[in-house]
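Visitor: Coordinates only, no sequence provided:
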């Protein structure tokens with residue numbers, strides 16, 4: 001029987017959006033899937049050696065707010081200076097308290113499980129990004145290269 005394949009396209013570079021492709025990719029690899037994650041546009045932030053990802057409540061109505069703030073705190077208030085830093089710190093603390101692995105740990109686990117990380121070369125060029133800023137183990141290729149794998153995948157996710 002042929003090995004199942006999972007293709008993931010990661011486009012977001014915020015703290016809350018960085019977890020899904022890494023959790024799903026590493027889990028699928030642990031279950032025996034052949035996995036590739038194509039990081040494009042802001043998703044490339046997940047591949048940086050030094051992660052400084054933030055989470056923002058602004059424009060994120062599904063985000064549970066502390067102290068029931070979603071019921072009484074005006075949405076516009078989430079744009080106030082310092083709110084992004086506060087929400088990011090709160091999210092990181094909650095994840096640590098619940099034993100959720102860090103992004104660095106999930107990346108390492110994924111690479112050890114042979115998940116292939118593909119950085120979109122066009123986006124790297126578009127934003128004048130430096131390959132030296134990215135972790136080791138990343139392959140640089142275009143969308144056409146990724147579609148060779150994704151076209152034959154059993155599951156393809158856009159995150």
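Guide: Received it, and whenever you're ready, just let me know what you need. In this text, all values refer to a predicted model and were calculated from it rather than measured experimentally. Numbers count the residues shown, from 1 in each chain.
Visitor: drop to CA atoms for contacts and neighbour counts, all remaining ones
Guide: OK.
Visitor: can you pull the contacts of residue 114?
Guide: For residue 114, the contacting residues are 29, 35, by CA atoms under 8 Å, 6 or more residues apart in numbering.
Visitor: Then residue 21?
Guide: 8, 9, 10, 37, 159.
Visitor: Filter those residues down to the buried ones.
Guide: Neighbour-count burial (16 or more other CA atoms under 10 Å) is assigned, among the contacts of residue 21, to 8, 9, 10, 37.
Visitor: Could you list everything the third one pairs with in the sheet?
Guide: Listed by DSSP bridges, the beta-bridge partners for residue 10 are residue 39.
Visitor: my guess is it meets residue 39, correct?
Guide: Yes. In this structure, residue 10 is within contact of residue 39 by CA atoms under 8 Å, at 4.8 Å.
Visitor: burial count for residue 24?
Guide: Residues within reach of residue 24, counting by other CA atoms under 10 Å, total 17.
Visitor: Now stretch 52-60: average pLDDT?
Guide: Per-residue pLDDT over stretch 52-60 has a mean of 74.
Visitor: buried residues in stretch 36-53?
Guide: Neighbour counts using 16+ other CA under 10 Å place 36-41, 43-48, 53 of stretch 36-53 among the buried residues.
Visitor: same check, this time on stretch 82-99
Guide: 83, 84, 87, 88, 91, 92.
Visitor: so who does the first one touch?
Guide: The one in question is residue 83. residue 56.
Visitor: Per-residue pLDDT of it, please?
Guide: Here the pLDDT value assigned to residue 83 is 71.
Visitor: ok, so of the contacts of residue 21, who is nearest residue 113?
Guide: For those, the minimum distance to residue 113 (CA to CA) is 12.8 Å, reached by residue 37.
Visitor: sec struct for the closest one, please.
Guide: strand (DSSP: H, G, I helix; E, B strand; the rest coil).
Visitor: from what I can see it touches residue 5, true?
Guide: No. Checked against CA under 8 Å, the pair residue 37 and residue 5 is beyond contact range at 11.1 Å.
Visitor: Quick check: next helix or strand after the worst-scoring helix or strand of the chain on mean pLDDT?
Guide: Counting by mean pLDDT, DSSP states H and E, the chain has its least confident helix or strand at helix 69-72, which shows a mean of 56. Using DSSP states H and E, the helix or strand that directly follows helix 69-72 along the chain is helix 83-97.
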